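Undergrad: pasting a predicted model and its sequence here:
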Amino acid sequence: MDDLRYPIGKFQAQERYSPADIKTNIQIISALPSKFINLLGSWDDHKLDTPYRPDGWTVRQLIHHVADSHMNAYVRFRLALTEDNPTIKPYEEQLWAELPDAKAAQVELSLQLIRYVHLRWVLLLNSLDENDLARTYFHPAAQKSFRLDEVIANYAWHSEHHYQHAFRLAQRNNWQ
């Protein structure tokens, strides 16, 4: 079951991120919209409404979650770059995934949202210097401040983590 829940393993923060690590992580974030669009472009409602694992979200909910999560991440970056260690607002992602739009809205809406949020986000990420990457925000649920270089790594992981949920579901069901 852990393979279905964490197909690429759990996120492991590093103590330090090299410029090459950061560049790679930004490339992963940048590539996500196209990867999802290419994978899901021809999926019908039956496939989109299939859970990626037992007791898991449907692919539709998964895509809407990624849009929600990455919009929040983009805003959190902007806060961290313009305020001194701001306290970010957590949200109940499990409850957001149960809202009517997350269960029924066309996936195309969130795919386009991911596409355009990532265009802006990656533009911002590519402009960051060493001082910017050392900036932080405080996450009250974790009771910890996070450096932006670590947050980039976390969202690169998050991108691939959720892409693999859909990709491996397609593999298991011979949908490719």
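TA: Here it is on my side, so go on. Numbers count the residues shown, from 1 in each chain.

Undergrad: list the buried ones in the helix or strand of the chain with the lowest mean pLDDT?
TA: None of the helices or strands of the chain scores lower by mean pLDDT, DSSP states H and E than helix 2-5, at a mean of 90. Buried positions in helix 2-5, judged by neighbour count with 16 or more other C-beta atoms under 10 Å: residue 4. Every residue, glycine included, has its C-beta placed from N, CA and C.

Undergrad: ok, how many other residues are close to residue 32?
TA: Residue 32 sits with 22 neighbouring residues when counted by other C-beta atoms under 10 Å.

Undergrad: and if you look at residue 121?
TA: By other C-beta under 10 Å, the residues close to residue 121 number 23.

Undergrad: and it, how far from residue 46?
TA: 32 Å (C-beta to C-beta, to the nearest Å).

Undergrad: and residue 162, by the same measure?
TA: 20 Å.

Undergrad: what of residue 19?
TA: 45 Å.

Undergrad: neighbour count winner among those two?
TA: The residue with more neighbours, out of residue 19 and residue 46, is residue 19; 10 against 7, by other C-beta under 10 Å.

Undergrad: and that one, how far is that from residue 154?
TA: 18 Å.

Undergrad: leaving out the residues flanking it, which one is nearest to residue 32?
TA: residue 159 (4.2 Å; C-beta to C-beta, 6 or more residues apart in numbering).

Undergrad: and residue 91, by the same measure?
TA: residue 72 (6.6 Å).

Undergrad: pull out the buried positions in the helix or strand hosting residue 22.
TA: Using DSSP states H and E, residue 22 sits within helix 19-40. Across helix 19-40, burial judged by 16+ other C-beta under 10 Å covers 22, 25-26, 28-33, 36, 39-40.

Undergrad: residue ranges with poor pLDDT in this protein?
TA: 1 (pLDDT under 70).
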